[in-house]
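Participant: Quick one, what's the 3D model for this:
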Amino acid sequence: MFDVGFSELMVIGLVALVVIGPEKLPRVARTIGHLLGRMQRHVAEVKADISREIQLDEMRRLQSQVVDSAREVESAIRDQAREFEESMRPVAAEVESAIGAGVSEVAAPQVEQLSELPPVHAETARAVETQVALAKAPLAAGDVPATDSVADEPSHNDSQLDLFGQPAAGDQTRR
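Facilitator: Numbering: from 1, shown residues only. Just a heads-up that it's a prediction; the model follows:
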């Protein structure tokens, strides 16, 4: 604050001693000390308030930037969602029309594709042909499809997986 050296303080002290007197000088010095302390605390509080206001302004500015960026991200996501929805509308219409046309028409080519696969073994080919014939043949109300009996099947090799046939007579674990 003020540039006051030791020699200047000595001059002020001597003048105060002569003017105030030795009896009242300690009480006046104490009062001046209290006043200077209060003034320093007040200056420190003002500095702290100013720094808090500066930090608060920075936080408000940062908050507004974050809110702006969040709004931009939200609008970008909504735009992309809208574009995706618009691009999926023809697909949804096609699926709805396929559902309206009937599931049997959609499933029929899949059964025909199974019959076109090359068989690995003769037993598997016979089982596939039986399954395809059963799938193509319409069933009446009380009809039960005929299946091969276990005795008619040739013996199975345990290392082969037979997906369409019955388990071997001696194999009780696969039932």
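Participant: Tell me where the model's unsure across this structure.
Facilitator: Scanning the chain with the threshold set as pLDDT under 70 gives 1-2, 102-125, 128, 135-175.
Participant: so where do the helices sit in it?
Facilitator: 6-20, 25-101, 103-116, 122-136 (DSSP state H).
Participant: which of those sits most buried?
Facilitator: Neighbour counts (mean count of other Cβ atoms under 10 Å) averaged over each of those peak at helix 122-136, with a mean of 15. Yep, even glycine has a C-beta here, placed from its N, CA and C like the rest.
Participant: Could you pull up the residues touching Arg71?
Facilitator: Contact partners of Arg71, counting by Cβ atoms under 8 Å, 6 or more residues apart in numbering, are absent.
Participant: That one and Glu85, how far apart?
Facilitator: In this structure, Arg71 and Glu85 are 21 Å apart, going by Cβ to Cβ, to the nearest Å.
Participant: Repeat that for Gly13.
Facilitator: Gly13 sits 87 Å away from Glu85, taking Cβ to Cβ as the criterion.
Participant: cool, Glu8 as well?
Facilitator: Plainly put, Glu8 is 83 Å away from Glu85 if you go by Cβ to Cβ.
Participant: what does Asp3 give?
Facilitator: Applying Cβ to Cβ, the value for Asp3 to Glu85 is 75 Å.
Participant: Kindly report the same for His42.
Facilitator: Distance, His42 to Glu85, by Cβ to Cβ: 63 Å.
Participant: same question, Ala101
Facilitator: According to Cβ to Cβ, Ala101 stands 24 Å off from Glu85.
Participant: next one: Lys47
Facilitator: Using Cβ to Cβ, one gets 57 Å for the distance from Lys47 to Glu85.
Participant: How about Gln55?
Facilitator: 44 Å.
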